[in-house]
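**Student:** Attaching a predicted model along with its sequence, questions to come.
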Amino acid sequence: MRSELRAVRTGGMPVVVDLTEDCAEFVRQEVDGLLHVFVPHATAGIAILETGAGSDDDLLAQLDVLLPRDDRWRHRHGSPGHGRDHVVPAFIPPHASVPVLEGLLQLGTWQRICLVDTNTDNAQRHVRFSFLPG
């Protein structure tokens with residue numbers, strides 16, 4: 001298995017960061033197998049969704065509805081409402097796997113691989129790309 005840890009700057013604000021081109025570059029020289037994307041953080045996740053047409057903003061808005069940033073959370077360190085960030089990975093898992101054939105990600109037309117980070121306390125994240133040959 002080949003694996004690489006990459007830094008991603010999120011800017012310390014809720015954000016959806018499109019990782020698809022980085023993922024495609026990572027597997028370009030491979031043949032068939034599986035790309036696994038993992039974020040080793042307790043407050044971020046990996047999602048496969050359409051971006052650029054508003055879905056990424058809709059996702060962040062709906063997380064605010066579903067998991068409001070207020071004082072209801074028992075997990076209380078960090079900025080106000082930060083406890084909700086620790087619940088996000090239960091809804092958006094910290095991983096995704098994508099088939100690779102002849103060095104190409106087998107995504108649907110509008111699918112993108114994205115880091116979802118709602119944690120405003122950290123502006124820098126890491127994402128691990130791993131390729132398992134088939």
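**Tutor:** All right, it came through fine.
**Student:** Can you show me the CA trace of the helix or strand where residue 63 lies as PDB?
**Tutor:** Taking DSSP states H and E as the definition, one finds residue 63 inside helix 55-66. Coordinates of each C-alpha in helix 55-66 appear next as PDB, following Å, rounded to 0.1, in the frame of the first residue of the first chain:
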ATOM      1  CA  SER A  55     -24.400  21.800  -2.800                       C
ATOM      2  CA  ASP A  56     -21.300  22.500  -0.800                       C
ATOM      3  CA  ASP A  57     -22.800  25.600   0.800                       C
ATOM      4  CA  ASP A  58     -26.100  23.800   1.300                       C
ATOM      5  CA  LEU A  59     -24.300  21.100   3.200                       C
ATOM      6  CA  LEU A  60     -22.700  23.600   5.600                       C
ATOM      7  CA  ALA A  61     -26.000  25.400   6.000                       C
ATOM      8  CA  GLN A  62     -27.800  22.200   6.800                       C
ATOM      9  CA  LEU A  63     -25.100  21.200   9.300                       C
ATOM     10  CA  ASP A  64     -25.900  24.500  11.100                       C
ATOM     11  CA  VAL A  65     -29.600  23.500  11.200                       C
ATOM     12  CA  LEU A  66     -29.000  19.900  12.300                       C
END
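**Student:** tell me the mean pLDDT for it?
**Tutor:** Here helix 55-66 scores 96 as its mean pLDDT.
**Student:** Now tell me what touches the helix or strand just after that helix from outside.
**Tutor:** Moving toward the C-terminus from helix 55-66, the next helix or strand (DSSP H and E) is helix 88-91. Residues from elsewhere that reach helix 88-91, judged by C-beta atoms under 8 Å, 6 or more residues apart in numbering: 42-45, 63, 66-67, 116, 118. For glycine as for every other residue, the C-beta is placed from the backbone atoms N, C-alpha and C.
**Student:** any idea how far residue 74 lies from residue 120?
**Tutor:** Going from residue 74 to residue 120 by C-beta to C-beta, to the nearest Å gives 19 Å.
**Student:** okay, the two: which has more neighbours?
**Tutor:** Neighbour count, other C-beta atoms under 10 Å: between residue 74 and residue 120, residue 120 has more, with 20 against 6.
**Student:** ends of stretch 21-35, how far apart?
**Tutor:** 13 Å (C-alpha to C-alpha, to the nearest Å).
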